[in-house]
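Student: Here is a sequence together with a model predicted from it:
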Amino acid sequence: MKTGLVEMQDFAAGTSSRSTKLVHGGLRYLKQFEVKMVAEVGKERAIVYENGPHVTTPEWMMLPFYKGGNFGPFTSNAGLRVYDLLAGVKKGERRVMLSRTEALQKEPLIKEEELKGAGYYVEYKTDDARLTIEVLKKAVDLGAAALNYAKATEFVYDEDEKLIGVVIEDQITGHTETVYAKKIVNAAGPWVDDLRDMDGSRTDKSLHLTKGVHLVFSQKHFPLGQAIYFDAPDGRMIFAIPRGDKTYVGTTDTEYDGDIAHPIVTKEDRDYLLAAINYEFPTLNAIPEHVESSWAGLRPLIAESGKNPDEISRKDEIFYSDSGLISIAGGKLTGYRKMAEHVVDEVAHQLKKEAQILYSGSHTEHLPISGGVVGGSKQFHQFKLKKIEEGMALGLTADETDLLVQKYGGNTELLFDIIRTHESEAKAADLPITIFAELVYAIKYEMAFKPVDFFIRRTGALFFDITYVKEYKKAVIDHMAKTLNWTQGQKSAFRNELETLVDEAANPK
């Protein structure tokens, strides 16, 4: 099947880089009796891990329970046991029930008052933006075409009012082209309804957008050793997750009707999470000045009348228009592969029916993503040790190499090639060799065009190492400007865009 993707912004610039960064099994959905969803996302979680163990890793999560909380000892034990069964959890990752004393030993920072014990189970953490780019690179390797900064501005119809193409506008140059296709899929996340409106086909269900916010702290201010899933004072459940020398906390779930392309963290969002943190971790005394960075993202949920944001189902759904537009909305990060399989199976079914074109079935269940050829999850640790040895032979530290392997997996060798051959260029660019290698790789292999592409989507630095962004932004901008032939106007605009986002992340408005 010959396919193409056009993305209005950078790849993963919307919801796909702004999640809680967990490929999780959906424990909370048991409370809403969404048994089928728990079973499906549990199975998908295992597939996502196996196909890209460099970018998705197991993380033990502790679920403390308190008198009057969302989960008690009985409901936690029963819920986690059902979760293990439904989600097909591996033997070594099945839930363990902890006593009050054991829970406090795992994480002394949690609230002691009325603590009854805890559930202990495995979630999977990921880098959502890198997961997206690795999936996309694999598709391109297999023959797909992909364009970022290319906006679908108009649909093209035949005399029978059937959809046959799209007018695409280059968001950098303003140039337009018309691309024709047998089938067009609208998988635009929060913008799905905008495209349905453009097609005149939003006649039934609509999206319900909600905003989720996360805060990032240094381990100095929030020295969390154990990932925690805890109750906020209003009953909402929130994650606190250690990540390197940072801890991040989220998420909120509030109605949203602002700029879809630019959701921001407000002081109200920040203060809600700080109150939740101080409720569960009372000795921390977290204050606004402790927040290093933050992000806000939108959930493109399918509207359900009379329900609060956190009660709306996360299930996905496909919509069909009379013109032939196929739209998919809802869903979760964990279910990305299954959602894609559903919609592509539908395209194949329609093409078979309408044009007698036959396609083989989907084989993505056992298809490693880009960087995922590392011997599977069982061999990834050995693969990493081997690469660390090779990296140290190149003059890198074990920690530097470990970070590269965790980001790039089987593609780390391409980074090593850049390190071997670009030492003088890195010095001329006034950048450490590892950062220079990542930058060259991002431009050459991952279509990074703006500084924000590199600092947010390709490396995650704006969220998890904002001082790195401040320290190296000038050198990165200078190198990108030279390599990508920016005009002086573009250089100024792209610099201002980065500085605005750095300020918004560090200083909620």
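Tutor: Sure thing, it's come through.
Student: Every contact and neighbour count from this point should use C-alpha atoms.
Tutor: Noted.
Student: By mean pLDDT, flag the weakest helix or strand of the protein.
Tutor: In the chain, no helix or strand scores lower on mean pLDDT, DSSP states H and E than helix 73-87, which sits at a mean of 77.
Student: Tell me which helix or strand the residue of the chain most remote from its centre sits in.
Tutor: For the chain, the largest distance from the centre (C-alpha atoms, centre = their mean) belongs to Glu159, which lies 40.8 Å off. For Glu159, there is no enclosing helix or strand under DSSP states H and E.
Student: Could you check how far it is from Tyr180?
Tutor: Distance, Glu159 to Tyr180, using C-alpha to C-alpha, to the nearest Å: 15 Å.
Student: With Glu59 instead?
Tutor: For Glu59, the distance to Tyr180 - C-alpha to C-alpha - is 45 Å.
Student: what about the two, which has more around it?
Tutor: Glu59 (19 against 15; other C-alpha atoms under 10 Å).
Student: Report the secondary structure state of that one.
Tutor: State at Glu59, reduced to three classes by DSSP: H, G, I helix; E, B strand; the rest coil: strand.
Student: so it makes contact with Lys125?
Tutor: Yes - using C-alpha atoms under 8 Å, Glu59 is in contact with Lys125, at 6.3 Å.
Student: Number of residues surrounding Met237?
Tutor: By other C-alpha under 10 Å, 18 other residues sit near Met237.
Student: For it, give its distance to Glu400.
Tutor: 35 Å.
Student: now swap in Glu497 and tell me
Tutor: In terms of C-alpha to C-alpha, Glu497 sits 29 Å off from Glu400.
Student: At which residues are the strands of the stretch 201-350 of the chain located?
Tutor: Secondary structure of the stretch 201-350 of the chain (DSSP state E, counting those that start in this stretch): strands at 207-218, 227-231, 237-243, 246-250, 254-255, 291-302, 316-320, 326-330.
Student: Between the ones you listed, which one is closest to Lys378.
Tutor: Closest to Lys378 of the strands of the stretch 201-350 of the chain is strand 237-243 (C-alpha to C-alpha; 22.2 Å).
Student: What pairs with the closest one, parallel or antiparallel?
Tutor: Applying DSSP bridges to the sheet, strand 237-243 is found paired with strand 227-231 (antiparallel), strand 246-250 (antiparallel).
Student: got CSV for these, with mean pLDDT and distance to Ala103 too?
Tutor: Output for the strands paired with strand 237-243, formatted as CSV (pLDDT from 0 to 100; distance: least, C-alpha to C-alpha, whole Å):
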stretch, mean pLDDT, distance to Ala103
strand 227-231, 95, 11
strand 246-250, 97, 19
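Student: Which residue is the nearest non-sequential neighbour of Leu404?
Tutor: Thr412 (6.5 Å; C-alpha to C-alpha, 6 or more residues apart in numbering).
Student: So what's the residue count around the one you found?
Tutor: Count around Thr412 with other C-alpha under 10 Å applied: 21.
Student: show me the contacts for it.
Tutor: Contacts here follow C-alpha atoms under 8 Å, 6 or more residues apart in numbering; on that basis Thr412 touches 371, 387, 404-405.
Student: ok, now with 10 Å
Tutor: Taking C-alpha atoms under 10 Å, 6 or more residues apart in numbering, we find Thr412 in contact with 371, 384, 387, 391, 401, 404-406, 418, 438, 441.
Student: number of nearby residues for Asp160?
Tutor: 7.
Student: that older thread, which neighbours do Glu59 and Lys125 share?
Tutor: 22, 24, 241.
Student: So the second one is in contact with Lys332, correct?
Tutor: Put plainly, it is His24. Yes - His24 lies in contact with Lys332 (C-alpha atoms under 10 Å); the separation is 9.4 Å.
Student: Can you add distance to Leu142 and give the strands of the stretch 201-350 of the chain back as TSV?
Tutor: TSV is the format used below for the strands of the stretch 201-350 of the chain (distance: least, C-alpha to C-alpha, whole Å):
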stretch	distance to Leu142
strand 207-218	32
strand 227-231	37
strand 237-243	33
strand 246-250	36
strand 254-255	39
strand 291-302	29
strand 316-320	25
strand 326-330	23
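Student: Between these, which one is closest to Thr15.
Tutor: By C-alpha to C-alpha (comparing all of the strands of the stretch 201-350 of the chain), the closest turns out to be strand 291-302, at 5.4 Å.
Student: got any ranges where the chain has weak pLDDT?
Tutor: For the chain, applying pLDDT under 70 flags the ranges 25-35, 305-314.
Student: Need the residue closest to the centroid of it.
Tutor: Short answer for the chain (C-alpha atoms, centre = their mean): Asp128, at 2.3 Å.
Student: Quick check: that one vs Phe65, distance?
Tutor: 29 Å.
Student: Then Glu499?
Tutor: Counting by C-alpha to C-alpha, the gap from Glu499 to Phe65 is 42 Å.
Student: Same check on Val6?
Tutor: 46 Å.
Student: quick one, which of the two is more surrounded?
Tutor: In this view Val6 and Phe65 are compared by other C-alpha under 10 Å, and Phe65 has more residues nearby, 25 against 19.
Student: and the end-to-end length of stretch 275-284?
Tutor: 11 Å.
Student: Which parts of stretch 284-301 count as buried, going by neighbours?
Tutor: The neighbour-count check on stretch 284-301 (16 or more other C-alpha atoms under 10 Å) flags 286, 290-301 as buried.
Student: Reformat the residues you listed as a markdown table; add distance to Asn186.
Tutor: Below are the buried residues of stretch 284-301 laid out as a markdown table (distance: C-alpha to C-alpha, whole Å):
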| residue | distance to Asn186 |
| --- | --- |
| Ala286 | 42 |
| His290 | 40 |
| Val291 | 37 |
| Glu292 | 36 |
| Ser293 | 32 |
| Ser294 | 29 |
| Trp295 | 25 |
| Ala296 | 23 |
| Gly297 | 20 |
| Leu298 | 17 |
| Arg299 | 16 |
| Pro300 | 13 |
| Leu301 | 15 |
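Student: And those, which is closest to Ala506?
Tutor: Ser293 (4.5 Å).
Student: Just list whatever residues bridge to the closest one.
Tutor: Assigned bridge partners for Ser293, using DSSP bridges, are Val216.
Student: cool, and the one 5 residues further on?
Tutor: Applying DSSP bridges to Leu298 gives these bridge partners: Lys211.
Student: I figured it was touching Pro190, is that so?
Tutor: Yes - counting by C-alpha under 10 Å, Pro190 is a contact partner of Leu298 at 6.9 Å.
Student: Return every residue with contacts to both of these two.
Tutor: 14-15, 208-210, 260-261.
Student: Buried ones from those, can you make that a PyMOL selection?
Tutor: To isolate the buried ones among the shared contacts of Leu298 and Pro190 in PyMOL, judged by 16+ other C-alpha under 10 Å, type:
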select buried, resi 14+15+208+209+210+260
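Student: need the shared contacts of Leu298 and Pro190 in TSV with distance to Leu195, can you?
Tutor: Compiled in TSV, these are given as follows (distance: C-alpha to C-alpha, whole Å):
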residue	distance to Leu195
Gly14	16
Thr15	17
His208	15
Leu209	15
Thr210	19
Ile260	13
Ala261	14
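Student: Going by distance to Glu113, which of the shared contacts of Leu298 and Pro190 wins?
Tutor: Out of the shared contacts of Leu298 and Pro190, the member with the shortest distance to Glu113 (by C-alpha to C-alpha) is Thr210, at 32.6 Å.
Student: Name the nearest residue to the closest one, ignoring sequence neighbours.
Tutor: In space, and not counting its chain neighbours, Thr210 is closest to Glu255: 4.6 Å by C-alpha to C-alpha, 6+ apart.
Student: Let me know how buried that neighbour is, in neighbour terms.
Tutor: Residues near Glu255, counting by other C-alpha under 10 Å: 15.
Student: going forward can the numbers begin at 59, since that is how I track them
Tutor: Sure thing, new numbering starts at 59, so read that last one as Glu313.
Student: I'd like to know how far it sits from Leu265.
Tutor: 12 Å.
Student: Now do the shared contacts for those two.
Tutor: Arg357.
Student: In the stretch 309-458 of the chain, mark out all the helices, start to finish.
Tutor: 325-338, 394-413, 434-451, 456-466 (DSSP state H, counting those that start in this stretch).
Student: Perfect, I'm done here.
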